[in-house]
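*Asks:* when you get a sec, could you give me coordinates for this:
(chains A, B and C)
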Amino acid sequence: MSVYQDVIIAGFGGQGVMIMGSLLAVAAMESDLQVTYIPVYGPEMRGGTANCTVVISDEEVGSPIIKRPLSLMAMNRPSLEKFQPRVKDKGLVVFNSSLVDARLADNGRVEVYKVPANDIAADLGNIRMANMVALGAYVRVTGIVELKAVQHSLEKVIPQRYHHLLPLNSRALEAGTEGVSRCQKTGV
Amino acid sequence: MSRIFVKGNEAIARGALDAGCRCYFGYPITPQNEIPEYMSRVLPGIGGQFVQAESEIAAVNMLLGAGACGVRAMTSSSSPGISLKQEAISYMAGSDLPGVIVNISRGGPGLGDIGPSQGDYFQAVKGGGHGDYRQLVLAPASVQEAYDLTMLAFELAFAYRNPVMVLGDAIIGQMMEPISQREPVHPDPDESGSWRLEGSGERKPRVIKSLRLAEGSLGDHNLHLQEKYEKARRECRHEEFLTQDAELVVVAFGSIGRIVKSTIRRLRQEGYRVGLLRPVSLYPFPSSALQELAGQGRRFLTIEHNLGQMVEDVRLALCGQARCGVYGHLPGNLPTPDDFEEPIVKAMKERK
Amino acid sequence: MEEVLAYKSPDILADTPTHFCPGCHHGIVHKLLASCLEEAGLARRSICVAAIGCCAFIYNYVLVDSLEAPHGRAPAVATGVKRSHPDSFVFAYQGDGDLASIGLAEIMHAANRGERISVIYVNNTVYGMTGGQMAPTTMVGQKTTTTPGGRQAQTDGYPMQMAEIMAGLRGVRFAARVAVNNIKNLKKARKALFKAFEVQQQGIGLGFVEFLAACPTNWRMSPVEANARVAGDMIHCFPLGVFKDETPEER
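*Replies:* The predicted structure is shown next:
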């Protein structure tokens, strides 16, 4: 079976969703996969959520824009509400349970994973690492790229002036892989 | 060679630099600002010139001036700014001057929006300025192609002494993909030696102009231009995808071309025999490839991010040999593979 | 008796009749320019950017490498030439409709950037080539084909004084207004051209010389009357002088 995954990553401005997308994309590139990343642009910019789409494949990527993705990373409630209905049946949703009520998950139709990204980031000493925690969780449950590939890609994506935070980003990614759990179907 | 992960706009700037571009002239407009921003960072350090001009008009006239000196130079803009550049593009065509113009187009008409659109197809391929001239037009569908075609644009501009346009859109300009860069080109200093301006020195002075008042001279010049365009036909480029057994061939270019490819992959799984012809050069247009497919009994559907422009060239190429429908995706709406399923299925069911 | 060479035409001035009307000053400015370029040793590395209007054909008369610019765009084209080929000596030759109307943005910004170019600006107060319509420099009260009752300040505005405007921009290092209606003025004009060339040669900025010029045909005057108008009304409206001189010896 060939490798293919697409994901919409959404949150509010400042949560670092664009960095999540480009980091995932660079990790895919470093894993010798084909990949495309597009920040959302145009009418969908309205409404206060920022989002981007990443498509990863072992063959040439067709559309960079996906209406009904296979997976979603939702960093806040409006993002989950907006994009969860678009996720394909049997698709996958990873959401930030620090900010989103687990009862909103469309469990059953899609496979849902929660990660208390803000809480874990706070425990690490920097709440801004929540995006890395969530990405770590996503990488764990999809297995689309190795966690190591993501960690190695950090220095290519994080601006030079934040390079002193690389080790912390790396730890946050790892903490995400440990902090993620599947929502029980009964939780609906 | 290792890959780097860049935006389409940056890939265009890198392609230009690797093609030997040493002068860039521009004016800010969304969604192409990464091009001047990148150029302003790099050019001064490599002995080049970056000028943020007072307008798109001034920028393209600076391009005309640099082209007349035989220097590889570029300007870039987006739709409304490209409209302003048409005057000088016509002068460049009329003066046999090379230059690369990038249009990362957006929705129109007028101020439109800053989202993707292919509404500038006619302007790009039919000659948006005055007079009987053509510019070569290349339409990338990926970030790698944005890089490669920009490099090619410089080769063609100097080979034909003609303006060449790279036509992308907000999708191509803003998306990020890995690219492999090639070895930088070091243009042959003699490539413009026979015509460029540099001060006459000991030779006879040269004049580069488009004004031709002597009886017969404008006619002769127009014939010369037509011969040049005829020669440029060999620069035709296109991509075919699953056309061999296709009943229906979708014709789509640029970003829409690759989005349609995803739709086609999906429909193939459902058993639809559909393929894609993606023109890479919009001028010259891959007419003979279309004619060949028409000769094999294919039917056609053009999909564009406008309400039907390229379809006119497709129909012209098919010359009644085969039918060609059109599906126009509205500007202001992001196109996705889902949007094209229904029109393709509908076109396949027609006349079945 | 021994023959003495009393006058020699500049080598780069074509030995051909011009298309200019009798009494037009363009021919005089062309010749002056040609002789100054030659004398300064610049002719063979010059690139002339020609504009649109009566002076569009300068490349037929002043024989240096030349390039045609779209209407008003000569300073932008000259910018592209100079930036891409900095060793060349670059000058633009523009009329008043070209420079002060349709090309105002281009000259203002080339000047403001301090482009190392020389701009020769010939002001004859009308659109000559198109038949004598009002130009941005038409004097108040002056009749043209589009101001049949004379230019009215209230509706048509005032004549633009480009040399003074240019002098106000920091990128300009030399700005002067000159005339070629008599020998005295011609000599001053010559001096001004050398200064304008010099600021380019020194690499310090833009040099600008405005020439007042007669247009007998469109002024509906004889050459002699037109010359008298330059000396009278025109110099009154557009005072001659050096408005800025930042050549090294003057600073």
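*Asks:* what does stretch B:175-187 contact?
*Replies:* If you take Cβ atoms under 8 Å, 6 or more residues apart in numbering or on different chains as the criterion, stretch B:175-187 is touched by A:22, A:25, A:29, A:34-38, A:61, A:64, B:1-8, B:11, B:14, B:17-20, B:72, B:142-144, B:147-148, B:151, B:154-155, B:158. Quick note: C-beta positions are derived from backbone N, CA and C, even for glycine.
*Asks:* from the residues you listed, keep the buried residues only.
*Replies:* Applying 16 or more other Cβ atoms under 10 Å in any protein chain shown to the contacts of stretch B:175-187, the neighbour count classes A:22, A:25, A:29, A:34-38, A:61, A:64, B:3-8, B:11, B:14, B:17-20, B:72, B:142-144, B:147-148, B:151, B:154-155, B:158 as buried.
*Asks:* what about the helix or strand hosting A:Gly21 and chain B, any contact?
*Replies:* Of the helices and strands defined by DSSP states H and E, A:Gly21 is found in helix A:17-30. Yes. Contact between helix A:17-30 and chain B is present through A:Ser22, A:Ala25, A:Val26, A:Met29 (criterion: Cβ under 8 Å from any Cβ of the partner chain).
*Asks:* same for the next helix or strand after that helix, what does it pack against?
*Replies:* Sequence-wise, the next helix or strand downstream of helix A:17-30 (DSSP H and E) is strand A:34-39. Here strand A:34-39 touches helix A:17-30, strand A:49-57, helix B:170-174, strand B:176-179, going by 3 or more Cβ pairs under 8 Å, 6 or more residues apart in numbering or on different chains; DSSP states H and E.
*Asks:* same for the first one, what does it pack against?
*Replies:* When you say that, I think you mean helix A:17-30. Helix A:17-30 packs on strand A:4-12, strand A:34-39, strand A:49-57, helix A:130-142, helix A:147-157, strand B:4-7, strand B:176-179, going by 3+ Cβ pairs under 8 Å, 6+ apart.
*Asks:* and the longest one with chain B, contact?
*Replies:* No. Helix A:130-142 is not in contact with chain B by Cβ under 8 Å from any Cβ; minimum separation 15.9 Å.
*Asks:* what's that helix in contact with?
*Replies:* With Cβ under 8 Å, 6+ apart as the test, helix A:130-142 has contacts from A:5, A:7, A:11, A:15-17, A:19-20, A:23-24, A:27, A:71, A:73, A:75, A:92, A:94, A:96, A:98, A:113, A:115, A:117-118, A:120-121, A:124, A:145-147, A:150, A:169, A:172-177, A:179-180, A:182.
*Asks:* buried residues in stretch C:57-64?
*Replies:* Residues of stretch C:57-64 classed as buried: C:Phe57, C:Ile58, C:Tyr59, C:Tyr61, C:Val62, C:Leu63, C:Val64 (neighbour count, 16+ other Cβ under 10 Å).
*Asks:* now distance to C:Val209 too, for the helices and strands packed on helix A:17-30, in a markdown table please.
*Replies:* Compiled in a markdown table, these are given as follows (distance: least, Cβ to Cβ, whole Å):
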| stretch | distance to C:Val209 |
| --- | --- |
| strand A:4-12 | 60 |
| strand A:34-39 | 52 |
| strand A:49-57 | 56 |
| helix A:130-142 | 62 |
| helix A:147-157 | 55 |
| strand B:4-7 | 46 |
| strand B:176-179 | 50 |
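*Asks:* so how do I select the buried members of the contacts of helix A:130-142 in ChimeraX?
*Replies:* One line in ChimeraX is enough to select the buried members of the contacts of helix A:130-142, burial here meaning 16+ other Cβ under 10 Å:
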select /A:5,7,11,15,16,17,19,20,23,24,27,71,73,75,92,94,96,98,113,115,117,118,120,121,124,145,147,150,169,172,173,174,175,176,177,179,180
